[in-house]
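[1] structure, please.
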Amino acid sequence: MQLEITLTAAASDPYVASDLGYLLHKNPARVFTRAVASGTATVFYSENTAARCTATLYVDVDPIALVRGKNKQTTGLLDQYVNTRPYVANSILSVAINKSFAQSMAGKSKDRQALADLQLPFEAFLGPVACQGDEEFVLSLFEPLGYTCSVTSLGDDADSNLYSIKISATIRLSELLNQIYVLIPVLDNSKHWWVDQDEVENLLNKGAHWLAQHPMREVITRRALKHRRELADVLLERLSVLDDDKGSDEARNSNAAAISEPVISETSGVAPVRLHDQRLDRVAHLLKEHSVSRVLDLGCGEGKLISRLLKTPQFTKIMGVDPSLRSLRRARERFYLEDGGEALNERLQFQLGSLTYADRRLRGFDAATLVEVIEHIDTNRLVALERSLFGDARPGLIIVTTPNADYNALFQALSAGEFRHEDHRFEWSRDEFKTWCQKIEQEYGYRVAIEPLGPVDEHHGAPSQLASFTIDTTEVQTA
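    The predicted structure is shown next:
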């Protein structure tokens, strides 16, 4: 098996692609070899220029060492030695990655630490890879993490379980390596090493921050722990706590936003309205105006928009989707779903899910909303969100609201370049938001209308901005 890692660089970038040697702690002019489990790992560079650099980790497995005294599943001596396992032993490649790039996985670079901390345009190629699952299963593991992923079958028939995988993303090298390390044994549903409580800690160390949010985390956990239920339950519980803690952080950030956002009162004697309430009221009004009845609230939190929609009989089916278990529990408690009766439970449902992963359950809705949600998503995962929402779910109306970065100049508490919330991954200016909306129009066939939200400043616009994406419903039904 082999892993190829490629870094690219443009002439204007503050680095060159050959700096990959500093990130991997391997000189491109040399070949590195070391012993690993049941074989040998070799690292060499097949390409090394300022624009593009590729490092290859090649694992040569000794089939005799692989089976000697360990293989209990074969029917005879010849069967032990004549098999495909040496060429597709995914977990052995994981060990080789850990042995060869340990400092890189830890995010360390002796000479280029600032570069190691940056998200860079990486490509990775894996092959041949064994997979107990089809191509869709491979995509379901990598795409929610923001990768553009392509899968090629290497077998001659439909039942073959051998693939080559190519993934690309703008990401830190440490994240790329750790995610590959965790996921390739999961693909194969097999590990050649002993699994115990230490493996739970190992998985938390390698992937807690992203695994807690992954929509396939239960499948990943059970396969990674060789289906040992007692260990998988421990890991899932700890991941749930991490997920809940993130939900608490988001709630605190939302509270901070409510304090810092402007209060709107255009007429004396009228109770002031917070921007967040005006935003929710406007979204609810647009949904009514478009006469939709089935609504997805993506990133629903504790259900503030949903509480408005439930007051209108027009909305016959509402589904709230959020990656935080704690937020969903609070939402269910808020609407008394446990005691609400069959009618309410048919009308209102909540679902744990990632917005960057195509989910068949999100299809068939008239409208979807993302109210101050998109800015919480890593930029390298936006393409996955676009595909899952505008390409796969494809409702007739999609409403997106997000802060206007131009308006930040009017917040005295914000320094230049600082975001309004700690959890924001980006904040778009009016021009940047318009450019993104036009991209969606061109790539997915939607028509967009953009409007300001909140008091409009002559030079900086409004504090928030809203886009309504519409597409002909007959086109949606026939797509």
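
[2] distance from the chain centre to stretch 354-371, please.
    15 Å (Cα atoms, centre = their mean, to the nearest Å).

[3] looking at that stretch now, give me its mean pLDDT.
    The average pLDDT within stretch 354-371 is 88.

[4] can you check stretch 449-462 too?
    Across stretch 449-462, pLDDT averages out at 93.

[5] contacts for it, please.
    Stretch 449-462 has contacts (Cβ atoms under 8 Å, 6 or more residues apart in numbering) with 261-262, 264, 275, 278-279, 282, 401, 404, 406-407, 409-410, 430, 433-434, 437, 463-468, 470. Where C-beta positions appear, they are placed from N, C-alpha and C, glycine not excepted.

[6] cool, stretch 194-202 as well?
    If you take Cβ under 8 Å, 6+ apart as the criterion, stretch 194-202 is touched by Ala224, Leu225, Lys226, Arg228, Leu231, Val234, Leu235, Arg238.

[7] can you do 7 Å?
    Leu225, Lys226, Arg228, Leu231, Val234, Leu235 (Cβ atoms under 7 Å, 6 or more residues apart in numbering).

[8] any idea how far Trp194 is from the third one?
    Pointing back at Arg228 there. Taking Cβ to Cβ, to the nearest Å as the measure, Arg228 falls 11 Å from Trp194.

[9] who has more neighbours, these two?
    Between Arg228 and Trp194, Arg228 has the larger neighbour count (other Cβ atoms under 10 Å), namely 14 against 8.

[10] buried ones among the contacts of stretch 449-462?
    Buried members of the contacts of stretch 449-462, counted by 16 or more other Cβ atoms under 10 Å: 261-262, 264, 275, 278-279, 282, 401, 404, 406-407, 430, 433, 437, 463-468, 470.

[11] give me the subset of the residues you listed lying in helices.
    Among the buried ones among the contacts of stretch 449-462, DSSP state H puts Leu275, Gln278, Arg279, Arg282, Arg430, Phe433, Cys437 in helices.

[12] from those residues, which has minimum pLDDT?
    Out of these, that is Leu275, at 81.

[13] just confirm that one contacts Arg420, I think it does.
    No - using Cβ atoms under 7 Å, Leu275 is not in contact with Arg420, being 11.2 Å away.

[14] export the contacts of stretch 194-202 to CSV and tack on pLDDT, distance to Asp19 and secondary structure?
    CSV is the format used below for these (pLDDT from 0 to 100; distance: Cβ to Cβ, whole Å; DSSP: H, G, I helix; E, B strand; the rest coil):
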residue, pLDDT, distance to Asp19, secondary structure
Leu225, 89, 37, coil
Lys226, 86, 38, coil
Arg228, 86, 41, coil
Leu231, 86, 39, helix
Val234, 84, 40, helix
Leu235, 85, 36, helix
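
[15] what's the most distant pair in the residues you listed?
    Greatest spatial distance among these (Cβ to Cβ): Lys226 and Val234, at 13.8 Å.

[16] with the ones in helices among the buried ones among the contacts of stretch 449-462 in mind, which one is nearest to Ala114?
    Closest to Ala114 out of those is Phe433 (29.7 Å), distances taken as Cβ to Cβ.

[17] what's the closest non-adjacent residue to the closest one?
    Nearest residue to Phe433, sequence neighbours excluded (Cβ to Cβ, 6 or more residues apart in numbering): Gln465, at 5.5 Å.

[18] just list the residues touching that neighbour, thanks.
    With Cβ under 7 Å, 6+ apart, Gln465 has these contacts: Thr401, Thr402, Asn404, Arg430, Phe433, Ile450, Pro452, Leu453.

[19] go on, Leu348?
    Going by Cβ under 7 Å, 6+ apart, the list of residues near Leu348 reads Ile306, Leu310, Ile318, Phe335, Leu337.

[20] at 6 Å instead, please
    Shown in contact with Leu348 (Cβ atoms under 6 Å, 6 or more residues apart in numbering): Ile318.

[21] identify the bridge partners of it.
    With DSSP bridges as the criterion, Leu348 is bridged to Ile318.

[22] next one: it from Glu342, what distance?
    Distance, Leu348 to Glu342, by Cβ to Cβ: 12 Å.

[23] any low-confidence regions in this protein?
    Scanning the chain for pLDDT under 70 picks out 37-38, 62-89, 156-160, 192, 241-273, 473-479.

[24] outline the domain layout of it.
    Domain assignment for the chain by automatic domain parsing gives 2-193, 194-260, 268-478.
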